[in-house]
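Student: what follows is a predicted structure for the sequence shown.
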Amino acid sequence: MTEKRFATILKRGVAEIITEAELLRLLNSGRILTLKQGFDPSAPDIHLGHVVGLRKLRQFQELGHKVILIVGDWTARIGDPSGQSATRPMLSPNEIESNAQTYMEQFFKVVDKDKTELRWQSEWFSQFSLDEVIKLTSKFTIAQLLAREDFNKRYGSGNPISLTEMLYPLLQGYDSVAIKADVEFGGIDQKFNCLVGRELQQSTGQPPQQIFLVPLLIGTDGHQKMSKSLNNHIGIAEPPREIYGKVMSIPDSLIVDYFELMTEVPEQEIAEFKEQLKTCSINPMNLKKQLAHEIV
């Protein structure tokens, strides 16, 4: 792999890598790596915020590595507590199954289906005995789990945290053990959960996975991360005209970030766009049109 290609994959659109030196060693080893990408089918649609990480997975697939897509049919019943101020309602198995089918159709619009293996959490968790649950929960303390910023805030403000939510990072982490993941991909808000996976792997004698974290894409409101619940999202299954219109509606302050995270436009060009916007030597509307064409 060329040095320039390394820079593109490991630097552009990346929030943090744990650990970069070890990931580089693995990439240079010539071994086909197992890349873990989990998703909870708590909603049926993928938006551009999800695509940031999926584009990275596709880049790794193009290098010959294998993605294992884990359908979180157990964790979806709990709901990811990351960034949440209240306990989420539990979904029924039928809702999870329906959401998962739609999600996968959209997932493979970005990621190469032929280089992806599909796994369901129920493959291992449906076989779990009470003894195994006790062993898993013994690996972490309540104090460690409360170190999570979102749990800490809720606990400090007196908002309830369910025991099932406390289990969430352990279940996600155990997925890494089940598939012997080499690298886990996720948004920067998933850092705690991914680190749990590293610790669980080490405790079972497996090499700890590397962690590849991407930034959170700001939504069309220009303030909060893209989310369907905040109605600031751009769904990839929406009609092209709607996607185009929503991209055109983003604040000017997001243009550069969207080019960096959502397109293959060379970084030198993006740097020029940034300078032109700073000096008001270009009409932002023209850049948005180019951006919208790139995304659609």
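Tutor: Alright, I've got the coordinates.

Student: how near is residue 233 to residue 210?
Tutor: 29 Å (Cβ to Cβ, to the nearest Å). To be clear about C-beta, it is placed using only N, CA and C from the backbone, and glycine gets the same treatment.

Student: do the same with residue 37
Tutor: 14 Å.

Student: low pLDDT regions in the stretch 1-150 of the chain?
Tutor: Along the stretch 1-150 of the chain, the model assigns pLDDT under 70 to residues 1-7, 79-89.

Student: do a quick rundown of the strands in it.
Tutor: Under the criterion DSSP state E, counting those that start in this stretch, strands of the stretch 1-150 of the chain are mapped to 16-18, 34-39, 66-71, 116-120.

Student: surely residue 248 meets residue 290?
Tutor: No: Residue 248 is beyond contact range of residue 290, at 10.9 Å (criterion: Cβ atoms under 8 Å).

Student: picking that back up, show me which of residue 37 and residue 210 is the more surrounded one.
Tutor: A count of neighbours by other Cβ atoms under 10 Å puts residue 210 above the other of residue 37 and residue 210, at 25 against 21.

Student: please look at the more buried one and residue 176 and confirm they touch.
Tutor: No: using Cβ under 8 Å, residue 210 is not in contact with residue 176, being 10.7 Å away.

Student: joint contacts of the two?
Tutor: Counting by Cβ atoms under 8 Å, 6 or more residues apart in numbering, the common neighbours of residue 210 and residue 176 are residue 184.

Student: and the gap between the closest residue to residue 251 other than its chain neighbours and residue 102?
Tutor: Nearest residue to residue 251, sequence neighbours excluded (Cβ to Cβ, 6 or more residues apart in numbering): residue 222, at 3.8 Å. Separation of residue 222 from residue 102 (Cβ to Cβ): 28 Å.

Student: repeat for residue 37
Tutor: Residue 37 is 17 Å from residue 102, by Cβ to Cβ.

Student: before we move on, what about residue 189?
Tutor: For residue 189, the distance to residue 102 - Cβ to Cβ - is 23 Å.

Student: same thing with residue 74?
Tutor: To residue 102, residue 74 is 19 Å away according to Cβ to Cβ.

Student: so those two - more neighbours on which side?
Tutor: When neighbours are counted by other Cβ under 10 Å, residue 74 comes out ahead of the other of residue 74 and residue 102, with 22 against 15.

Student: surely that one is in contact with residue 124?
Tutor: No: at 9.2 Å, residue 74 does not count as touching residue 124 under the criterion of Cβ under 8 Å.

Student: give me the common contacts of the two.
Tutor: Counting by Cβ under 8 Å, 6+ apart, nothing touches both residue 74 and residue 124.

Student: quick one on the thing from earlier: shared neighbours, residue 37 and residue 210?
Tutor: Contacts common to residue 37 and residue 210, judged by Cβ under 8 Å, 6+ apart, are residue 184.

Student: sorry, back to before: so which of the strands of the stretch 1-150 of the chain comes closest to residue 156?
Tutor: strand 16-18 (25.5 Å; Cβ to Cβ).

Student: and the helices in the stretch 1-150 of the chain?
Tutor: Assigned by DSSP state H, counting those that start in this stretch, the stretch 1-150 of the chain shows helices spanning 3-11, 20-27, 48-62, 75-78, 93-107, 122-125, 130-137, 142-146, 149-156.

Student: need the residue closest to the centroid of this structure.
Tutor: When Cα atoms, centre = their mean is applied to the chain, the residue found nearest the centroid is residue 186 (3.1 Å).

Student: ok, what's across the strand from that one?
Tutor: residue 213 (DSSP bridges).

Student: which residues are in contact with it?
Tutor: Here residue 186 is in contact with 37-38, 53, 193-194, 211-214 (criterion: Cβ under 8 Å, 6+ apart).

Student: check residue 206 too.
Tutor: By Cβ under 8 Å, 6+ apart, residue 206 lies in contact with 177, 180.

Student: tell me which element it is part of?
Tutor: Per DSSP states H and E, residue 206 falls between elements, in no helix or strand.

Student: domain parsing for this protein?
Tutor: 3-217, 240-295 (automatic domain parsing).
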